[in-house]
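> no FASTA, just this:
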């Protein structure tokens, strides 16, 4: 069973988020009529990207170590409100999928790395790092 791991407490210089989509298939007839078959009421595959510009090589190493630790057991990432998620409210769509349960309550999103971080050395001792994450709705 997966356990949570903390992402390093480093503030990103950029954040981007793309909400997930409902799992569905669209069928289009030759006359243009469409039929959509939806497989659930919860969105999947929300994407989060964090960019870290001009950070120290030791901070870049912290991120790489986090990637190795998390993926060795296929764990979730836990983001600090002081670091990567500073300034984002708890009820933000970055953390919860509103109204996703049958009773109307929100489902907590759990992020995993969506591939290895990209590290670019910009000068001695300094690097840029790009991390991509995908939100999962796995059960406990």
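Ah, there it is. On a predicted model such as this, the values are computed, not experimentally measured, just so you know.

> Name whatever forms a beta bridge with residue 17.
Beta-bridge partners for residue 17, by DSSP bridges, are residue 48.

> Relative to residue 10, how far out is it?
To residue 10, residue 17 is 18 Å away according to Cβ to Cβ, to the nearest Å. Where C-beta positions appear, they are placed from N, C-alpha and C, glycine not excepted.

> neighbour-wise, which of those two wins?
Shown here are residue 17 and residue 10; by other Cβ atoms under 10 Å, residue 10 has more neighbours (19 against 15).

> That one against residue 60, yeah?
No - with contact defined as Cβ atoms under 8 Å, residue 10 does not count as touching residue 60 (9.2 Å).

> Tell me how far residue 124 lies from residue 56.
Shown here: residue 124 relative to residue 56, a distance of 11 Å by Cβ to Cβ.

> which of the two has more neighbours?
Legend: neighbour count by other Cβ under 10 Å for residue 124 and residue 56, higher for residue 56 (12 against 6).

> in the sheet, who's paired with that one?
Residue 56 has these beta-bridge partners by DSSP bridges: residue 126.

> cool, residue 38 as well?
Beta-bridge pairing for residue 38 (DSSP bridges): residue 24.

> Pull the contacting residues for it.
22, 23, 24 (Cβ atoms under 8 Å, 6 or more residues apart in numbering).

> need the contact list for residue 35.
By Cβ under 8 Å, 6+ apart, the contact set of residue 35 is 26, 27, 29.

> for the residues you listed, which one is nearest residue 42?
In terms of Cβ to Cβ, no member of the contacts of residue 35 lies closer to residue 42 than residue 26, at 18.3 Å.
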